[in-house]
Structures are given as structure tokens and as C-alpha cells.
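1. coords below, sequence missing:
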């Protein structure tokens, strides 16, 4: 019953169901159907499907994989995709500048305010307990690392 509904919804165009169906075919060992549904799901801009599909084709169709990674970086501001782009296009200055511009767009300056006074301005946000940090903080650190790597390559 569940499989029939999943197939029905996937055929109706639900990207998440397409991805779940692809994973089901992968676990059953049906690789052609896995790739078919993974591709369809990636075309609906499903984040997980796009990442998995780009990784799957990165050795055989480098340009298409690079295009998908660029979409992931642009749409979702995904650091892993940015890293893959830098790895794949380390000699392409236009692509590196594209990623550097995306990184700059992803940052949000946050002002830490205490009793109405700004006491710190940061590109990331920390929680009140200084030994903890948010997911956004970790993402910003990763983007800074990628930006530093790009600047080295462009120098």
C-alpha cells in the first residue's frame, strides 16, 4: 500500500517522493530505476537528490555535475557544494569569483546588543553561552574557510 502511494505521488511530480522512490530502488539493487528517479527528483530541485546526483555523475559528466553544484550553492548556499566547485574548478577564475560573491551574499552581519548598546558586530551569531555556537555560526566559519582558499587560488 505504501509503495503504491509513493509511486503514485512520485509520478504526480512530488520531488521528495521521487527521491524516496529512488532510494527504495537503490536498496533493492535496481540501479537503472534508481538513477531514473534520482534524475527526475534532482530536476525538481530536491536538495538531497541534486547532491547525490551530482556526486554520482561527477566522474562521467563533469560539466553537468559542476552546473548542479553551482545551483546548490546558489539556491541553498550549501558549503559542501561550494567546496566541490572549488575542487573541480580551481583554475577557473570566473567560477571562483562566482563562489566568492555567493559567500559574501550568504553572510548576515549581526549586532550583539546589551542594554541598548552595541558591544560587538560579527558576521556570525553566537548564543549567550560563549562556549556554544549555532548552526549558522558553523556554516559561516566554513564559508570563511572556503573564501580564504579561493583568495589563495586567485592570488
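-> Structure's in. What do you need? Not measured: the values here are computed from a predicted model. Numbers count the residues shown, from 1 in each chain.
2. CA only for contacts and neighbour counts going forward, please
-> Noted.
3. Could you tell me the model confidence score at residue 30?
-> Listed pLDDT for residue 30 reads 92.
4. What number of residues are in the vicinity of it?
-> Using other Cα atoms under 10 Å, residue 30 has 13 neighbouring residues.
5. can you check the one 10 residues further on too?
-> Residue neighbour count, defined by other Cα under 10 Å, stands at 23 for residue 40.
6. and stretch 61-70, how far out from the chain's middle?
-> Distance, stretch centre to chain centre, for stretch 61-70: 13 Å (Cα atoms, centre = their mean, to the nearest Å).
7. Apologies, that question was intended for stretch 141-155.
-> Centroid separation between stretch 141-155 and its chain, computed with Cα atoms, centre = their mean, is 17 Å.
8. Contacts made by it with the rest, please.
-> Stretch 141-155 is contacted by residues 79, 82, 83, 86, 90, 91, 93, 96, 100, 103 when judged by Cα atoms under 8 Å, 6 or more residues apart in numbering.
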